[in-house]
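Asker: Predicted model and sequence follow; I will ask about them next.
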Amino acid sequence: MNAVDVSKYGHGTVLQALEGLPPEAWETGGVCGVWSVKDIVAHLASYEQLLVEVRARLLGPGPTPYRDEFVAPGGGFNDRQVALRAAHGAEEVLAEYRDANARVAGLLARLPAETLREPGTLPWYGAEYALDDFLVYMYYGHKREHCAQIAVYRDRLTP
């Protein structure tokens, strides 16, 4: 698997889902549960931040606040992260997502393919999984799912 391509195509799917979406359509709830398009992008931005952190920690030591919150008992990561961005405008949330995605791409390029394929590199995710698995399941598939929800919402906007 080519992790850089998987990341690139997932990101392209998000940008395509958002392309041409009118600004007033970003704040309407009900796109994914109670979430709006802006909330979905905020959610995806938090996952990109998590991925930045995961990739960076494979290159050296450092703090892991996103990972720590993600694996904390009781869940709540998603709603807390969206709430942290609630006061931000849609453009700001999208800019955070894009910036974090660019950092992910840079970090992926620095990791050897063997590291990406090695099971157990993320023990908190599951000893049997490799970083590649994490990227496909938690990022590519996740983005496709939310983009499909945005597409359904867009269909409702069209008279």
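Answerer: Okay, I see it.
Asker: so residue 52 makes contact with residue 106?
Answerer: No - contact criterion Cβ atoms under 8 Å: residue 52 and residue 106 do not qualify, at 9.2 Å. Just so you know, the C-beta spots here come from the backbone N, C-alpha and C atoms, and that holds for glycine as well.
Asker: Distance check, the closest residue to residue 147 other than its chain neighbours against residue 45.
Answerer: Once flanking residues are discounted, residue 147 sits nearest to residue 17: 3.9 Å by Cβ to Cβ, 6 or more residues apart in numbering. Relative to residue 45, residue 17 is positioned 14 Å away (Cβ to Cβ, to the nearest Å).
Asker: Which one's more surrounded, those two?
Answerer: The neighbour count for residue 17 versus residue 45, taken as other Cβ atoms under 10 Å, is higher for residue 45 (25 against 21).
Asker: Which strands or helices does the lengthiest helix in the chain pack on?
Answerer: The helix that spans the most residues within the chain, counting by DSSP state H, is helix 37-59. For helix 37-59, the packing partners by 3 or more Cβ pairs under 8 Å, 6 or more residues apart in numbering; DSSP states H and E come out as helix 3-18, helix 65-71, helix 77-84, helix 90-110, helix 131-135, helix 141-157.
Asker: Please identify which of those is closest to residue 28.
Answerer: In terms of Cβ to Cβ, the element of these nearest to residue 28 is helix 141-157, at 7.7 Å.
Asker: can I get the CA coordinates of that closest one in CSV?
Answerer: Written as CSV, here are the backbone C-alpha positions of helix 141-157 (Å, rounded to 0.1, in the frame of the first residue of the first chain):
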residue,chain,number,x,y,z
GLY,A,141,-12.6,5.1,5.2
HIS,A,142,-13.6,7.6,7.8
LYS,A,143,-13.4,10.5,5.3
ARG,A,144,-15.3,8.6,2.7
GLU,A,145,-18.1,8.0,5.2
HIS,A,146,-18.4,11.6,6.2
CYS,A,147,-18.2,12.8,2.6
ALA,A,148,-21.0,10.5,1.7
GLN,A,149,-23.1,12.2,4.4
ILE,A,150,-22.2,15.6,3.1
ALA,A,151,-23.2,14.4,-0.4
VAL,A,152,-26.6,13.3,0.9
TYR,A,153,-27.0,16.7,2.6
ARG,A,154,-26.1,18.5,-0.6
ASP,A,155,-28.7,16.5,-2.5
ARG,A,156,-31.3,17.9,-0.1
LEU,A,157,-30.1,21.4,-0.8
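Asker: No further queries at this time; thank you.
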